[in-house]
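In: Sequence first, then the predicted structure:
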Amino acid sequence: MLSTKKQAGKNGGLNVFEKYLTIWVALCIGGGIVLGKLAPKVAVYLDGLAIYVNNAPVVSIPIAICLFFMMYPIMVKIDFARVLKAGRNVKPVGVTLFVNWAIKPFTMYAISVFFLGTLFYSFIGPDAIDLVKIPFGLDLNVGATHGAAKVVMIEGVKMLQIPLWRSYLAGCILLGIAPCTAMVLVWGHLAKGNDGHTLVMVAINSLAMLLLYGPLGGFLLGIGRLPVPWQALLLSIAMYVALPLVAGYFSRKAIIAAKGQDWFEQRFLHLLTPVTVIALLITLVLLFSFKGDMILSKPLRILWIAIPLFVQTNLIFWIGFALSKILKLEYRDAAPTAMIGASNHFEVAIATATMLFGLSSGATLATVVGVLIEVPVMLMLVRICLRTQKWFGDVL
């Protein structure tokens, strides 16, 4: 699990980066748009620093560095030895895994198709298209079709042309199969939940991603007639889940052995606290330097993406909360169980969307909208938890 409940924040609150994450994201959107207008070649040059395969960019080096530093601080907090003790809480662990992996990915797909592909289809634009990079592992000729995508040549680079709403759908799918982030420690703590259960489930979900993220992602992308880049999915998991996980495991052991547990928790982790958010914000500046013109011309598209994400977050929360009530869990276990399912591991989703479809894709934009609404929506659910404590008999 993730060290101690000190990681939930001093005084039970959020640090300045977490508390004002929505504002920081909004500022980065503005900064990225300004950068795209004033110095468009800067972002293009940085994104061009990539590893190419078959004339298609596979890994953007600057973005890969940012995304690694988004993930490493989360992974280094995991204490794997204590994960093995999770069996003592069979019911809450079982509910969390069931909601996260058997329900959440499929409700995200269904809700996104309904809103983006039906209800908001005419608003997004029936003829609106998105150009995404050809994922690593797909070797297609110009003019070939792949699902709903067509291969085109843009400035000497082969790209996939897909309907814009399907690109947004891809981003929503990647959010739906990325349950829980380290920030859920904060939400569970603020809701007066069981910090130990929250910590264990964050660790277990990180391990579950190694096995389930690729198969679920490939399956749902395929149903949505989107590219199913198995090689790119595996490469993304290796780079943005496995590599930080391994680096975190060994560096954690080495630092504790050299400096001790107290120094690691009170000094080292404190220094790392802002790293994830700073790396995320840098990535967002680059993203919106590409997407500035589209956002200024079609600002409501952010809303069209946000609405299904908002509905999904609330639905999964209430499913987890209701199952906890039915199974007669104590409130302190029920609150984080519902929170873990509702929260998204947006760091992994952004990293994967960038790897699979490119920094300037609609899929990556959709994952960023997930970041934008995460803090206000999760704080709303914290308040709901606190007001419904009396539903559980263990709370006086």
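Out: Ah, there it is.
In: got the CA positions of stretch 93-104 in CSV?
Out: Output of stretch 93-104 as CSV, limited to C-alpha atoms (Å, rounded to 0.1, in the frame of the first residue of the first chain):
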residue,chain,number,x,y,z
VAL,A,93,-11.8,-5.6,-1.7
GLY,A,94,-14.2,-7.8,-3.7
VAL,A,95,-16.7,-5.0,-4.2
THR,A,96,-14.0,-2.7,-5.4
LEU,A,97,-12.5,-5.1,-7.9
PHE,A,98,-16.0,-6.1,-9.2
VAL,A,99,-17.1,-2.5,-9.7
ASN,A,100,-13.7,-1.3,-11.2
TRP,A,101,-13.2,-4.2,-13.6
ALA,A,102,-16.5,-5.9,-14.3
ILE,A,103,-18.9,-2.9,-14.4
LYS,A,104,-17.0,0.4,-14.9
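In: what sits up against it?
Out: 86-87, 176-177, 179-180, 197, 200-201, 204-205, 208, 212, 216, 312, 316, 319-320, 323-324, 327, 329, 337, 340-341 (CB atoms under 8 Å, 6 or more residues apart in numbering). All C-beta atoms are positioned from the backbone trio N, CA, C, and that covers glycine.
In: Show me which parts of the longest helix that the chain contains are buried, residue by residue.
Out: Ordering each helix of the chain by length in residues (DSSP state H) puts helix 195-223 first. Applying a neighbour-count criterion of 16 or more other CB atoms under 10 Å, one finds 195-206, 208-209, 212-214, 216-221 buried in helix 195-223.
In: helices or strands up against it?
Out: When contacts are defined as 3 or more CB pairs under 8 Å, 6 or more residues apart in numbering; DSSP states H and E, helix 195-223 packs onto helix 80-83, helix 90-98, helix 104-114, helix 164-176, helix 184-190, helix 230-237, helix 331-342, helix 346-357.
In: I'd like to know how far Met70 sits from Leu272.
Out: Shown here: Met70 relative to Leu272, a distance of 11 Å by CB to CB, to the nearest Å.
In: Looking at those two, which one has more neighbours?
Out: Neighbour comparison, Met70 and Leu272: the larger count goes to Met70, with 25 against 15 (by other CB atoms under 10 Å).
In: check contacts around that one.
Out: So Met70 contacts 276, 279-280, 283, 347, 350-351 (CB under 8 Å, 6+ apart).
In: Same question for stretch 322-332: list its buried residues.
Out: Buried residues in stretch 322-332 (16+ other CB under 10 Å): 323-324, 329-332.
In: nope, stretch 115-125 is what I meant
Out: Buried residues in stretch 115-125, counted by 16+ other CB under 10 Å: 115-117, 120, 124.
In: need the residues you listed in CSV with secondary structure, can you?
Out: As requested, the buried residues of stretch 115-125 are exported to CSV (DSSP: H, G, I helix; E, B strand; the rest coil):
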residue, secondary structure
Phe115, helix
Leu116, helix
Gly117, helix
Phe120, coil
Ile124, helix
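In: and which of those residues is nearest Tyr249?
Out: Nearest to Tyr249, judged by CB to CB, of the buried residues of stretch 115-125 is Leu116 at 38.2 Å.
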